[in-house]
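S.K.: only the shape, not the letters, is given here:
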């Protein structure tokens with residue numbers, strides 16, 4: 001048995017409860033151990049990589065840890081938990097699991113666990129199980145209230161997931177290099193069109209990839225424009241803006257204009273709501289978001305502690321009485337939200 005000196009803070013906490021809690025009631029005692037472990041995870045206490053194996057062998061963990069995957073999800077930041085890397089590693093050692101690292105919301109990857117949602121082959125899916133021996137997981141499409149079609153089930157290997165993540169990263173890297181090498185504003189316009197032609201967030205992009213590229217283009221645009229003659233810059237911008245507005249009108253009308261726009265407009269395409277900046281969500285999810293926005297339009301609403309209501313994998317950030325609705329990094333003006341209501345009524 002480990003000496004107290006060699007125990008991690010997390011293991012010492014759980015074992016302290018094991019040694020000192022009264023045992024008049026097995027249910028009360030087991031609940032205390034379960035709570036101690038989850039509190040260790042949630043509070044960010046350090047775990048050693050062999051701690052979960054030790055608890056399984058020496059503290060009869062199989063009696064009181066009702067659902068190991070749930071506590072692992074907590075360590076990975078699920079169930080409103082805080083990311084505890086050392087706890088996640090300890091559970092992975094216990095499971096014999098490779099870490100499933102996936103970047104969905106930001107460039108920094110997160111660990112997938114039961115209940116984690118991510119985009120796969122254009123579908124929003126949720127992890128339902130792992131097969132650690134075969135290094136695979138099962139993920140099923142997330143169903144919305146208005147959907148009548150049956151869900152899809154995907155078996156994804158670890159190699160497939162890592163290859164797809166690399167594919168996303170490599171595509172963004174190609175355009176990052178092109179933006180960096182651009183020397184004229186016309187080149188930046190051509191790059192923007194090429195980004196749009198590559199696809200939307202439902203197939204080849206994650207939404208944060210587009211946010212990163214838009215920011216790079218804006219900074220490069222500002223840097224190039226500072227070197228131009230004022231007259232030439234004004235003329236170029238006037239022609240450019242006219243072309244953008246024409247293409248945006250054609251996109252709204254339903255044409256296959258593969259360009260991402262900074263002006264936020266929406267359109268319905270089949271069972272999806274598409275946004276002019278390249279993002280898209282299922283129409284059923286957009287309907288629910290519309291109801292939520294309408295509920296708080298007059299009194300306003302803001303996400304607490306960085307966590308808001310979700311629209312698929314986008315977070316509701318703010319509902320402002322005049323400025324509009326912020327979902328993810330996109331601000332929808334109320335005029336466009338009203339137009340969405342009109343489109344739904346047709």
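M.R.: Happy to help now that I have it. Model, not experiment: these values are computed from the prediction.

S.K.: what helix or strand is residue 48 located in?
M.R.: Taking DSSP states H and E as the definition, residue 48 sits outside all helices and strands.

S.K.: look up phi and psi at it.
M.R.: phi -90, psi 160 (degrees, to the nearest 10).

S.K.: tell me the contacts of it?
M.R.: 7, 8, 11, 86, 90 (C-beta atoms under 8 Å, 6 or more residues apart in numbering). C-beta here means a position set from N, CA and C on the backbone, and glycine is covered the same way.

S.K.: restricted to helices, list those residues.
M.R.: 11, 86, 90 (DSSP state H).

S.K.: for ChimeraX, what selects the buried ones among these?
M.R.: Filtering the ones in helices among the contacts of residue 48 down to the buried ones (16 or more other C-beta atoms under 10 Å) takes a single ChimeraX command:
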select :11,86,90
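
S.K.: just the ones in helices among the contacts of residue 48 now: which is nearest residue 52?
M.R.: residue 90 (4.7 Å; C-beta to C-beta).

S.K.: excluding sequence neighbours, find me the nearest residue to that closest one.
M.R.: residue 47 (4.2 Å; C-beta to C-beta, 6 or more residues apart in numbering).

S.K.: also residue 92?
M.R.: Per C-beta to C-beta, 6+ apart, closest to residue 92 is residue 99, 6.0 Å.

S.K.: ok so, going back, check the contacts of residue 48 for the minimum pLDDT and say which it is.
M.R.: When those are sorted by pLDDT, the bottom entry is residue 7 at 93.

S.K.: look up the closest residue to it, ignoring the ones flanking it.
M.R.: residue 15 (6.7 Å).

S.K.: and that neighbour, how close does it get to residue 40?
M.R.: To residue 40, residue 15 is 11 Å away according to C-beta to C-beta, to the nearest Å.

S.K.: swap in residue 72?
M.R.: Distance from residue 72 to residue 40, by C-beta to C-beta: 13 Å.

S.K.: same check on residue 108?
M.R.: 24 Å.

S.K.: let's verify residue 264: helix, strand, or coil?
M.R.: coil (DSSP: H, G, I helix; E, B strand; the rest coil).

S.K.: that one against residue 331, yeah?
M.R.: Yes: Residue 264 is within contact range of residue 331, at 6.6 Å (criterion: C-beta atoms under 8 Å).

S.K.: longest strand of this structure?
M.R.: Determined from DSSP state E, the single longest strand within the chain is strand 123-131.

S.K.: now the helix or strand following it: buried residues?
M.R.: Per DSSP H and E, strand 123-131 leads on to strand 136-141 as the next helix or strand towards the C-terminus. Neighbour counts over strand 136-141 (16+ other C-beta under 10 Å) mark 136, 137, 139, 141 as buried.

S.K.: show me what the last one is bridged to.
M.R.: This points to residue 141. Applying DSSP bridges to residue 141 gives these bridge partners: residue 125.

S.K.: surely it touches residue 122?
M.R.: No: with contact defined as C-beta under 8 Å, residue 141 does not reach residue 122; the gap is 10.1 Å.

S.K.: what touches both of the two?
M.R.: Common neighbours of residue 141 and residue 122 (C-beta under 8 Å, 6+ apart) do not exist.

S.K.: show the contacting residues for residue 185.
M.R.: 221, 224, 225, 228, 236, 240.

S.K.: again, only using 6 Å
M.R.: Counting by C-beta atoms under 6 Å, 6 or more residues apart in numbering, residue 185 makes contact with 224, 236.

S.K.: model confidence score at it, please.
M.R.: Model confidence at residue 185 (pLDDT) stands at 91.

S.K.: how much space separates the residue nearest to residue 7 from residue 135?
M.R.: 32 Å.

S.K.: more crowded one of these two?
M.R.: Legend: neighbour count by other C-beta atoms under 10 Å for residue 15 and residue 135, higher for residue 15 (21 against 16).

S.K.: now that one: how far from residue 36?
M.R.: For residue 15, the distance to residue 36 equals 9 Å [C-beta to C-beta].

S.K.: cool, residue 205 as well?
M.R.: From residue 205 to residue 36 the distance is 43 Å (C-beta to C-beta).

S.K.: so what touches the host helix or strand of residue 231?
M.R.: Under the criterion of DSSP H and E, residue 231 resides in helix 230-252. For helix 230-252, the external contacting residues (C-beta under 6 Å, 6+ apart) are 185, 225, 257, 259, 261, 265, 267.
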